Structure formats: structure tokens, C-alpha cells
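# Fold the following.
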Amino acid sequence: MKKLARFDDYLPPKIQEGILLLKKLWHRHPLPMQIFLLLCLNLIIAPAVYAAAGDEFTRKAAWCLGLLGMVTIGLSLYLFVVIFQPEKF
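Numbering: from 1, shown residues only. Purely as a prediction, here's the structure:
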């Protein structure tokens, strides 16, 4: 059975350079990169919250509710890990 070629064979060089840069930045500065990715994810979540709520919320409120939901899920996951693996903390 043949192995599938890596995506590097198909991606343009500029995109490959961008991916390498993101990997380097992730290892050097993980917290700012996580916050950046969280905000990028909120660009997808906030319009969905705004569309689901109709005219009840403003765009700013939908953005804040999206962030609040992601922070709540993140804290829930963190506490779940802390409760079931306390020896790491």
C-alpha cells in the first residue's frame, strides 16, 4: 500500500514558510499564540451566536458571549484535568 504524500508537496512555498513561522512562535511564546488562536476561533463563533439570537443581542454582546463560552469551556476542561490528575499540579 502506498503512503500518502505530505501536504508539503502540494502547498506553495509561502504557505510552508508561514506554517514554519507559526510552529517557531508556538514554541517560543505559547500563551500569546493560544490567545491569538482563541480570538480567531471567536471570529467563527460570534457570528453564529449573533445569528442564533436574532435582534436580542448586539454584535459586541455576541462577541463577548462567544468569548465567555470559550473561557467557560476552557476552565471546565482545566478543572476536569486537575481533579482527575492532581499529582501533576
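
# pLDDT score assigned to residue 5?
Looking at residue 5, its pLDDT is 60.

# same question, residue 8
Note for residue 8: predicted pLDDT of 65.

# can you check residue 79 too?
pLDDT, residue 79: 91.

# In terms of secondary structure, what does the helix or strand harbouring it contact?
Here residue 79, judged by DSSP states H and E, is contained in helix 59-84. For helix 59-84, the elements it packs on are helix 30-53, judged by 3 or more C-beta pairs under 8 Å, 6 or more residues apart in numbering; DSSP states H and E. In this view, the C-beta of every residue, glycine as well, is placed from N, C-alpha and C.

# buried stuff in the helix it packs on?
Across helix 30-53, burial judged by 16 or more other C-beta atoms under 10 Å covers 42, 45, 46, 49, 50.

# ok, and what's touching that helix?
Here helix 30-53 makes contact (C-beta atoms under 8 Å, 6 or more residues apart in numbering) with 22, 25, 26, 57, 59, 62, 63, 65, 66, 67, 69, 70.
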